[in-house]
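K.L.:
This is the structure alone, sequence omitted:
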């Protein structure tokens, strides 16, 4: 599903160049639930952004779903994100003035799906995450766990191949974290590849495999 | 094929309603600009209509001419010789001028603040009495209320008949009486009323018209011992000829006949409607330009305000725009969204300003019409043509689109990863 070969990425800070990813090689198979771990500054968020086509890379190659992602235009990147990828963020990143239903339906809007169908599908995904009754609520009327479940429903709605989750439980208490992880595992069991960035061992241990990053390199992989 | 993007539209509405106060305030600038353009242009038109009305229904190719004294010695005559015009001179002019179409000599008795000169039984009044030809109607039309105007037979037979203004009728006749056939005494001479007229002019000019009495030129000269004198000439010249050159040609014919130096510009006085009209027109086109420029500047200020607000909005919404990008919005979609919001804002508020402006103009119009006392003023029927409104709106929409460009490209220049990172 995902193949990375010698991915390098450097940031220009003033006159200095800071190399964040120093040659990442890794493969993530279809249907895997993978955790990426590492201390802050290890490059794990940068790696996730590269995987999510939110950021470009300097060297190496990235093949997603059999297609080469090298040197994409912004427009093409947006297309691939829309077609293959779903995002779950630590801070949920729901749009504050849209209802839960509208938030979930938003990716379909960018795919040009008619309104009626968007709403019907959004409602079915909200039902799936157990929030059908909250469809008309605004994000600030919901708890953190509820917001993250809305975000997961939004990530799922466009039927992606891969879900990229950046510290999905970072802002949640342990009970809610377990609920969210249970939901992610359930989704994974339906065959969707999931990559979770986390610094919590408890979360990482629930995954099939852990990729540990240190100083921009993969330290080792556990089966 | 373009099709209406209602989803995009509701999306924009939703965003604009997010900050209703800010939206309203930034829209106010544009609305105000358009409102001002329409108000100033409407007012300028009102002023123009008022002034044009003062000129009444005088033919555009008409000219008034009177005699003065010479200012140059010529052919043995000294300077300062008073010039008198006779009927024979007018006939000569009609025969020899190439541009003259109608010549209507006039004589006058009484006038502004004159003493009482007209009586009917015990009723008296001070009115201006004109001796004139039927052709006078071609130059300054006076609508007939009853009876008839002076005709050629009246001139030929020197009939002692009179056509009177409405005000003259009101003073000399009671409401119950019909003025037609009534007899009035002008400076001791009896005339029979055959018609009553009103005026197409406004204000004091109309007042003067309505207080006048028109009698046949020939009867006037006979009754008041004027011989074949002509007080002044009302003329119509060829419409194709410019007023200035027509006046010059007509005067040169008369100068030759009356032994006046060809370069003596003081011997005759003259006034042309066209000249007057041109002057008024140029003043008003200047006023209109000024209102365009100032309204345009107001509009520009409004647009810049909108651009400013949109730039701030884009910065504030960095996170939201980043989320949208992550969820599959292409840069093009984001550009379209921001530009659409800007356009919607300007169009919506511009439209409101335009509607409000037109409504205000119409309101003033209705108010003026409901107060007949004000009808005589130099301000009448303020109006804006739909062309002007559409042009202003179009200008504003184009400017709104320009205002959206910078914020829109600012919005896409932020990479999605940076946008999401910003909290």
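P.N.:
Good, I have the coordinates. Keep in mind the model is a prediction, meaning the values are calculated, not measured.

K.L.:
Strands of the chain, start to end?
P.N.:
Defaulting to chain A. A:2-13, A:16-28, A:33-37, A:59-64, A:67-68, A:85-88, A:162-166, A:193-197, A:209-214, A:217-222 (DSSP state E).

K.L.:
wrong one, chain B
P.N.:
Assigned by DSSP E, the strands in chain B fall at B:62-67, B:85-86, B:100-109, B:118-120, B:123-125, B:128-132, B:144-147, B:161-165, B:183-186, B:189-197, B:212-216, B:229-230, B:232-237, B:268-272.

K.L.:
so can I have CSV of those showing mean neighbour count and distance to chain A?
P.N.:
All C-beta atoms are positioned from the backbone trio N, CA, C, and that covers glycine. Shown next, in CSV, are the strands of chain B (neighbours: other C-beta atoms under 10 Å in any protein chain shown; distance: least, C-beta to the nearest C-beta, whole Å):
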stretch, mean neighbour count, distance to chain A
strand B:62-67, 20, 68
strand B:85-86, 18, 85
strand B:100-109, 20, 72
strand B:118-120, 19, 82
strand B:123-125, 15, 78
strand B:128-132, 23, 76
strand B:144-147, 15, 68
strand B:161-165, 25, 72
strand B:183-186, 18, 83
strand B:189-197, 19, 70
strand B:212-216, 25, 74
strand B:229-230, 18, 85
strand B:232-237, 23, 71
strand B:268-272, 17, 68
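
K.L.:
and of those, who's closest to residue A:124?
P.N.:
strand B:144-147 (82.5 Å; C-beta to C-beta).

K.L.:
Please enumerate residues in contact with that closest one?
P.N.:
Contact partners of strand B:144-147, identified using C-beta atoms under 8 Å, 6 or more residues apart in numbering or on different chains, comprise B:163, B:166, B:178-180, B:193-198.

K.L.:
ok, those residues vs residue B:118, which is closest?
P.N.:
Residue B:118 lies nearest to residue B:193 out of the contacts of strand B:144-147, by C-beta to C-beta, at 11.0 Å.

K.L.:
Considering only chain A, name the residue that lies closest to chain B.
P.N.:
Scanning chain A for the residue nearest chain B gives residue A:82, at 2.9 Å (criterion: C-beta to the nearest C-beta).

K.L.:
where does the residue lying closest to that residue once chain neighbours are set aside land on pLDDT?
P.N.:
Nearest residue to residue A:82 in three dimensions, chain neighbours excluded: residue B:328, at 2.9 Å (C-beta to C-beta, 6 or more residues apart in numbering or on different chains). In the predicted model, residue B:328 carries a pLDDT score of 85.

K.L.:
Check residue B:374 too.
P.N.:
Confidence score, pLDDT, at residue B:374: 56.

K.L.:
same deal with residue B:365?
P.N.:
Here, the pLDDT recorded for residue B:365 equals 84.

K.L.:
which residues sit in contact with it?
P.N.:
By C-beta under 8 Å, 6+ apart, the contact set of residue B:365 is B:46, B:381-383.

K.L.:
What count of nearby residues applies to the nearest residue to residue B:26 once chain neighbours are set aside?
P.N.:
Nearest non-adjacent residue to residue B:26, counting by C-beta to C-beta, 6+ apart: residue B:309, 4.1 Å away. Other residues near residue B:309 come to 21 when the count uses other C-beta atoms under 10 Å in any protein chain shown.

K.L.:
Please verify my assumption that residue B:309 contacts residue B:21.
P.N.:
No - under the criterion of C-beta atoms under 8 Å, residue B:309 makes no contact with residue B:21, lying 11.5 Å away.

K.L.:
For chain A, name the helix or strand with the lowest mean pLDDT.
P.N.:
Counting by mean pLDDT, DSSP states H and E, chain A has its least confident helix or strand at strand A:217-222, which shows a mean of 68.

K.L.:
any idea how far the nearest residue to residue B:62 once chain neighbours are set aside lies from residue B:59?
P.N.:
Spatial nearest neighbour of residue B:62, excluding adjacent residues (C-beta to C-beta, 6+ apart): residue B:139 at 4.5 Å. Remark: distance between residue B:139 and residue B:59 (C-beta to C-beta, to the nearest Å) = 6 Å.

K.L.:
Now the common contact residues for the two.
P.N.:
residue B:236.

K.L.:
the more surrounded of these two?
P.N.:
residue B:139 (23 against 19).

K.L.:
if I pick the more buried one, what's in contact with it?
P.N.:
Counted by C-beta under 8 Å, 6+ apart, residue B:139 has contacts B:58-59, B:62, B:102, B:104, B:234-236.

K.L.:
repeat that for 6 Å
P.N.:
By C-beta atoms under 6 Å, 6 or more residues apart in numbering or on different chains, the residues touching residue B:139 are B:59, B:62, B:234, B:236.

K.L.:
same check, this time on residue A:157
P.N.:
Contacts of residue A:157 by C-beta under 6 Å, 6+ apart are A:104, A:107, A:125.

K.L.:
what's the answer for residue B:222, then?
P.N.:
Residues near residue B:222 by C-beta under 6 Å, 6+ apart: residue B:158.

K.L.:
what does the model give it for pLDDT?
P.N.:
At residue B:222, the pLDDT value in this model is 93.

K.L.:
what about the residue in the stretch 1-150 of chain B that chain A sits nearest to, neighbour count?
P.N.:
As assessed by C-beta to the nearest C-beta, chain A sits closest to residue B:18 within the stretch 1-150 of chain B, at 5.1 Å. Using other C-beta under 10 Å, residue B:18 is surrounded by 15 other residues.

K.L.:
Identify the residues contacting it.
P.N.:
Applying C-beta under 6 Å, 6+ apart, one finds that residue B:18 lies in contact with residue A:97.

K.L.:
Quickly list what residue A:33 is bridged to.
P.N.:
residue A:194 (DSSP bridges).

K.L.:
So it is in contact with residue A:194, correct?
P.N.:
Yes - shown here, residue A:33 and residue A:194 form a contact pair, counting by C-beta atoms under 6 Å, at 4.9 Å.

K.L.:
Common neighbours of these two, please.
P.N.:
With C-beta under 6 Å, 6+ apart, residue A:33 and residue A:194 have common neighbours residue A:188.

K.L.:
between those two, who's got more neighbours?
P.N.:
Using other C-beta under 10 Å, the more surrounded residue of residue A:33 and residue A:194 is residue A:194, with 25 against 21.

K.L.:
need the contact list for that one.
P.N.:
Residues near residue A:194 by C-beta under 6 Å, 6+ apart: A:33, A:163, A:184, A:188.

K.L.:
Close to chain A: what parts of chain B are there?
P.N.:
Within chain B, the residues that sit near chain A (C-beta under 6 Å from any C-beta of the partner chain) are B:7, B:18, B:320, B:323, B:326-331, B:416-417.

K.L.:
Skipping its backbone neighbours, what lies nearest the spatially most central residue of chain A in space?
P.N.:
For chain A, the residue nearest the mean C-alpha position is residue A:164 (1.8 Å; C-alpha atoms, centre = their mean). Distance criterion C-beta to C-beta, 6+ apart; nearest residue to residue A:164, sequence neighbours excluded, is residue A:52 at 4.8 Å.

K.L.:
Over to the one you found: give its phi and psi.
P.N.:
Backbone torsions for residue A:52, taken as degrees, to the nearest 10, come to phi -90, psi 0.

K.L.:
Which pLDDT value goes with the residue nearest to residue B:62?
P.N.:
Residue B:139 carries a pLDDT value of 85.

K.L.:
Ok, the one 10 residues further on next?
P.N.:
Model confidence at residue B:149, given as pLDDT, is 94.

K.L.:
What of residue B:423?
P.N.:
pLDDT, residue B:423: 45.

K.L.:
Could you check how far the closest residue to residue B:320 other than its chain neighbours is from residue B:323?
P.N.:
Closest residue to residue B:320 apart from its sequence neighbours, by C-beta to C-beta, 6+ apart: residue A:95 at 5.5 Å. Distance of residue A:95 to residue B:323, computed by C-beta to C-beta: 6 Å.
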